[in-house]
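>>> Predicted model and sequence follow; I will ask about them next.
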Amino acid sequence: MSTTEEAFDSNESVVGVLASLQKGPALETTPSVEEEIAEVTGHLAEQQEELVIEPKRGWIPIDFRELWRYRELLFFLVWRDVKVRYKQTVLGIAWAVLVPIFSVTVFTVIFGNFANLKETLPAHLVNAYPVYVYAGLLPWLFFSNAISMGGMSLVSQQQLLTKIYFPRLFVPTATVSGSLVDMGLSFGVFCALMAIYGVVPAPTILLLPLLVLMVWSASLGIAYTLSALTVSYRDFRFVVPFMVQGWQFLSPVVYPTTIVPERYRLIYALNPLAGIIEGFRSCIFGTEVPWQMIGVSAVSTAALLVFGMFYFRKTERRFADIA
Amino acid sequence: MTKPIITVENLGKAYRLGLREEKYPTFRDALVGAAKAPFKRFQHLSGGGNQDDLFWALKDVSFEVQPGEVVGIIGRNGAGKSTLLKVLSRITDPTAGRAVLRGRVASLLEVGTGFHPELSGRENIYLNGSILGMKKVEIDRKFDEIVAFAEVEKFLDTPVKRYSSGMYVRLAFAVAAHLEPEILIVDEVLAVGDAQFQKKCLGKMQEVAQGQGRTVLFVSHNMAAVQRLCKYAILLADGQVRHIGETGVVVDDYLHLRSAGALQSLESRTDRYGSGNVRCVDAWVESGRRDKATSLMVGQPACFCFAFDGDVSPLNFRFTIYNAGQEPLAAFSTDTPCELDDLLENTKQKILQCNIDSMCLSPGRYSLNIQLDSRGSVVDRVEGAFEFEVAPGVVGGRDVQQNRYSAVILPHRWSNTTSRVSAPLSVGASNE
């Protein structure tokens, strides 16, 4: 016993400092602050809830109430992703516009002229090939960006996962949603391009928000799955770029759907991007809206989203241990 | 009595240990092994594998906390303190048992979680605040207070990556300190920042705990802070609750536990980390006399001796001296230029000695952490490997007694002069 007492003696200086601290004015709270606190704690007591922490197994339901309670955090995370994306670049947010312009130029020159895909277009659009390509690139670039960044989102923010609790679904959601801002900007450029080529948008353009919702949902579904997989298996870091590349060829980005034989088209539409891109084009150019394809793509989009969410929830509880 | 605000029942958390490396006797076996490895790793990564690899970081932990209590959680490194906090703050799920928290919880396991270096101070206050669970209106309301506490008014619109580390920590703590949860879970945040700011943080924590009637769980190695802040304490050892009670009693027990560990012979200690290819099997101090003293004297020569078994090269050895409050005081390492080419020359009994001409730690009780590294990975690490005492003595002709205001004894002499130009100093390490 004597040794412990002795041991503490050497520590008394710290305690002394602390004791003086307690008397210090820094610790006084003004009455108004106290009132405010009482008010806040009273308020909290009203909505007091019990939080039960238990081992969870199997598939875990999605807690939408919690997601709603944390909605402000989602907003801040999206806002951060948007703000940070082009920090310390010379051209800044202009990149959101330049990337699609570069792609359109490359595609127009290579596929439009050399590969002569131009000729496969409806007659009145042949000369507006860049506009046609751009209409497909809008959803495609969003999608490819969203899934490659969304897939890495958890791994790149693992310090958040291991240090604090919040609904983890928000991490990929924020990254994917941040890309919507880019798409909005490049849509502005698209409008300019349409004006230059004298393409008059059809009234069906009002369907666009619906298609944006679809491409957003599809990206979320994939991003949830990929980000959860990447946490456990870092192999996906290498797989995703190839996946994106392959997916591009499976989607009507540089070619029109008409080159796919009619009877395979609904199977083709199981790729959500097929219906979405076709939908984008037809509702902008006023060609016949391929409702069947869009319908099939909508179903597979919903399936992807639901699967992604639940797979994410299932693996979520292990994130902090393996991240 | 009201309902406890925190109830923990038989809480347990198991981790899977890493894959053991296998040795292959033949080239063919190695090839087969390489081909099988991905499957094995897949099984491992997906959480399969056998039960033997499980390590229980927490086991059967039960306790209750009443509203408004401030409870310290103490224990050696690896006792499960951080795991407990992680489970209670929902970062990781428990493997067994359950815990019920009745109130809004905020946890502070790290200062500045979610800070983004590219964003300005202002932006980070909002981002970090919302990550910690504050509402935007709440942050708006407290914004000025936070800025004032952090003393960063002038740099609000500068990206935090240009902040000095002190400013960064101040800002981060300021945000956290203005949380208004009913339950606050804090891990070692006082280990950061300069001394003055640490004081400010302690003050703030005290205000939070006592002034505002909040429940706080506080993990620390700083016994002084724990005794100061907490009425009750929980001592964890090997993932289990060893003692719950009044802080003073529990801290005593903790110190006993540590000494008990230190009294156990180093060779039989099992609470060690690292590959174990070389182990430190004995450690002692020698004063002038050649015997295993556990006591040194201020101002006298001291020699720290370590005996090893096993063979690995290259090796790097280091040890750190801690005072009774678990604050590190002095570190010694052989990777700073060392007089020896080979730490453990091929002698049968491998003993490494570190000689100090004059002991300049103030009288008191100290403990030692030791660590052996080889090429960046830990070979052997023991915390609290042994304890020794420094007895009062004489330095430079002066009597040195235990003094709470002095952690080290610096040889010195006084002089007076009429000129402002100071007299040339010639302090030799004269012991007599």
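Sure thing, it's come through. Residues are numbered from 1 along each chain as shown, chains lettered A, B, ... in the order given.
>>> does A:A146 really touch A:A218, like I thought?
No - look at A:A146 against A:A218 with CB atoms under 8 Å: they stay out of range, at 9.0 Å. Quick note: C-beta positions are derived from backbone N, CA and C, even for glycine.
>>> Now do stretch A:176-193: everything it contacts.
A:74, A:78, A:81-82, A:85, A:93, A:96-97, A:99-101, A:104, A:130-131, A:134-135, A:138-139, A:141-142, A:145-147, A:149-150, A:212, A:216, A:219-220, A:223 (CB atoms under 8 Å, 6 or more residues apart in numbering or on different chains).
>>> among these, which ones are buried?
Buried members of the contacts of stretch A:176-193, counted by 16 or more other CB atoms under 10 Å in any protein chain shown: A:74, A:78, A:81-82, A:85, A:96-97, A:100-101, A:104, A:130-131, A:134-135, A:138-139, A:141-142, A:145-147, A:149-150, A:212, A:216, A:219-220, A:223.
>>> Intersect the residues you listed with the contacts of chain B.
Residues of those in contact with chain B (CB under 8 Å from any CB of the partner chain): none.
>>> Just give me the neighbour total for A:I267.
A:I267 is flanked by 11 other residues according to other CB atoms under 10 Å in any protein chain shown.
>>> Also B:P159?
Neighbour tally, B:P159, other CB under 10 Å: 17.
>>> Show the contacting residues for it.
A:K87, B:P117, B:E118, B:L119, B:S120.
>>> partners of it in the sheet?
For B:P159, the beta-bridge partners are B:S120 (DSSP bridges).
>>> Next: B:L361.
Here B:L361, judged by DSSP bridges, has bridge partners B:V408.
>>> so where do the helices sit in the stretch 1-150 of chain B?
Secondary structure of the stretch 1-150 of chain B (DSSP state H, counting those that start in this stretch): helices at B:27-45, B:81-88, B:121-131, B:136-150.
>>> How about the stretch 201-323 of chain A?
Under DSSP H, counting those that start in this stretch, the stretch 201-323 of chain A gives helices at A:208-232, A:236-250, A:265-268, A:272-285, A:291-316, A:319-322.
>>> which of those sits most buried?
Of the helices of the stretch 201-323 of chain A, the one with the most neighbours on average (mean count of other CB atoms under 10 Å in any protein chain shown) is helix A:272-285, at a mean of 26.
>>> ok, now which ones touch B:S220?
Contacts of B:S220 (CB under 8 Å, 6+ apart): B:G72, B:I74, B:E188, B:L190, B:V226.
>>> before we move on, what about B:F115?
Here B:F115 is in contact with B:N124, B:L127, B:N128, B:V160, B:Y168, B:A172 (CB under 8 Å, 6+ apart).
>>> Determine which two of these are furthest apart.
B:L127 and B:Y168 (13.9 Å; CB to CB).
>>> The stretch 151-300 of chain B against chain A: which residues are in contact?
Counting by CB under 8 Å from any CB, the stretch 151-300 of chain B comes close to chain A at B:159, B:180, B:182, B:199-200, B:202-204, B:206-207, B:211-213, B:222-225, B:227-228, B:252, B:255-256, B:259.
>>> Quickly note the distance from A:A195 to chain B.
36 Å (CB to the nearest CB, to the nearest Å).
>>> where does whichever residue of chain B sits closest to chain A land on pLDDT?
Chain B approaches chain A most closely through B:A324 (3.4 Å), counting by CB to the nearest CB. At B:A324, the model reports a pLDDT of 79.
>>> What's the local residue count around it?
B:A324 has 22 nearby residues by other CB under 10 Å.
>>> Phi and psi next, for it.
phi -70, psi -20 (degrees, to the nearest 10).
>>> Let me know the distance separating it from A:F142.
Distance of B:A324 to A:F142, given as CB to CB, to the nearest Å: 61 Å.
>>> Can you point out the buried residues in stretch B:402-414?
In stretch B:402-414, counting by 16+ other CB under 10 Å, buried: B:R404, B:A407, B:I409, B:P411.
>>> Output those residues in JSON lines, with distance to chain A and pLDDT appended to each entry.
Converted to JSON lines, the buried residues of stretch B:402-414 look like this (distance: CB to the nearest CB, whole Å; pLDDT from 0 to 100):
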{"residue": "B:R404", "distance to chain A": "4", "pLDDT": "72"}
{"residue": "B:A407", "distance to chain A": "8", "pLDDT": "84"}
{"residue": "B:I409", "distance to chain A": "13", "pLDDT": "86"}
{"residue": "B:P411", "distance to chain A": "20", "pLDDT": "82"}
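>>> A:A146: what's it in contact with?
Per CB under 8 Å, 6+ apart, neighbours of A:A146: A:T175, A:V176, A:S179, A:W216, A:S219, A:L220, A:A223.
>>> cool, A:V260 as well?
A:P252, A:Y268.
>>> run the last query once more with 6 Å
Residues near A:V260 by CB atoms under 6 Å, 6 or more residues apart in numbering or on different chains: A:Y268.
>>> now it: how far from chain B?
For A:V260 relative to chain B (CB to the nearest CB), the value is 36 Å.
>>> Which strands and helices lie in contact with the helix or strand hosting B:C280?
Remark: B:C280 resides in strand B:279-286, with elements defined by DSSP states H and E. Judged by 3 or more CB pairs under 6 Å, 6 or more residues apart in numbering or on different chains; DSSP states H and E, strand B:279-286 is in contact with strand B:302-309, strand B:377-391.
>>> Against which helices or strands is the next helix or strand after the first one packed?
The reference is to strand B:302-309. Per DSSP H and E, strand B:302-309 leads on to strand B:316-323 as the next helix or strand towards the C-terminus. The contact analysis (3+ CB pairs under 6 Å, 6+ apart) places strand B:316-323 against strand B:328-333, strand B:364-374.
>>> Swap in 10 Å and give it another go.
Here strand B:316-323 touches strand B:279-286, strand B:302-309, strand B:328-333, strand B:350-356, strand B:364-374, strand B:377-391, going by 3 or more CB pairs under 10 Å, 6 or more residues apart in numbering or on different chains; DSSP states H and E.
>>> Poorly predicted segments of the stretch 301-432 of chain B, please.
For the stretch 301-432 of chain B, the stretches with pLDDT under 70 are B:337, B:341-349, B:421-432.
>>> Residues of it that sit close to chain A?
For the stretch 301-432 of chain B, the residues found near chain A under the criterion CB under 10 Å from any CB of the partner chain are B:323-327, B:361-367, B:387, B:389-390, B:402-407.
>>> burial count for A:R317?
Close neighbours of A:R317, defined as other CB under 10 Å, add up to 18.
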